[in-house]
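**Q** Take this sequence and fold it.
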Amino acid sequence: FFLRKLADAVDQDWPGVLEKLETVRRLLLNRGTMVSNVTLDEKNWSTFRPLLADFLAELPNSKV
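**A** Here you go, the predicted model:
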């Protein structure tokens, strides 16, 4: 229902829609509240770990 209301409001209240979308993004994509679960053997973990760290470093770290 949230998305339906948002879609209806795009033409009438774009600034309000944008604000709501930014709030959703801030809540969902937040390095500070993110949990990563990776299951690998030691050899593959040592290869994957820096890639994961780089990915997480690119995400915003905002106060919720």
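
**Q** Gly16 is in contact with Ala9, correct?
**A** Yes: in terms of C-beta atoms under 8 Å, Ala9 counts as a neighbour of Gly16; the distance is 6.3 Å. For every residue, glycine as well, the C-beta is placed using N, CA and C.

**Q** Can you check the pLDDT for the residue lying farthest from the centre of the chain?
**A** In the chain, counting by C-alpha atoms, centre = their mean, Lys43 sits farthest out from the average C-alpha position, at 28.4 Å. In this model, Lys43 is scored at 94, pLDDT.

**Q** host element of it?
**A** Assigned by DSSP states H and E, Lys43 belongs to helix 42-58.

**Q** What would that helix look like as CSV? C-alpha coordinates only.
**A** The C-alpha trace of helix 42-58 is given here as CSV (Å, rounded to 0.1, in the frame of the first residue of the first chain):
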residue,chain,number,x,y,z
GLU,A,42,39.4,-20.4,5.0
LYS,A,43,41.0,-20.1,1.6
ASN,A,44,38.0,-18.5,-0.1
TRP,A,45,37.3,-16.3,2.9
SER,A,46,40.8,-14.7,2.6
THR,A,47,40.0,-13.9,-1.0
PHE,A,48,36.5,-12.7,-0.4
ARG,A,49,37.0,-10.7,2.8
PRO,A,50,38.7,-7.7,1.2
LEU,A,51,36.0,-7.6,-1.5
LEU,A,52,33.3,-7.6,1.2
ALA,A,53,35.1,-4.9,3.2
ASP,A,54,35.3,-2.7,0.1
PHE,A,55,31.6,-3.2,-0.7
LEU,A,56,30.6,-2.3,2.9
ALA,A,57,32.8,0.7,2.9
GLU,A,58,30.9,2.2,0.0
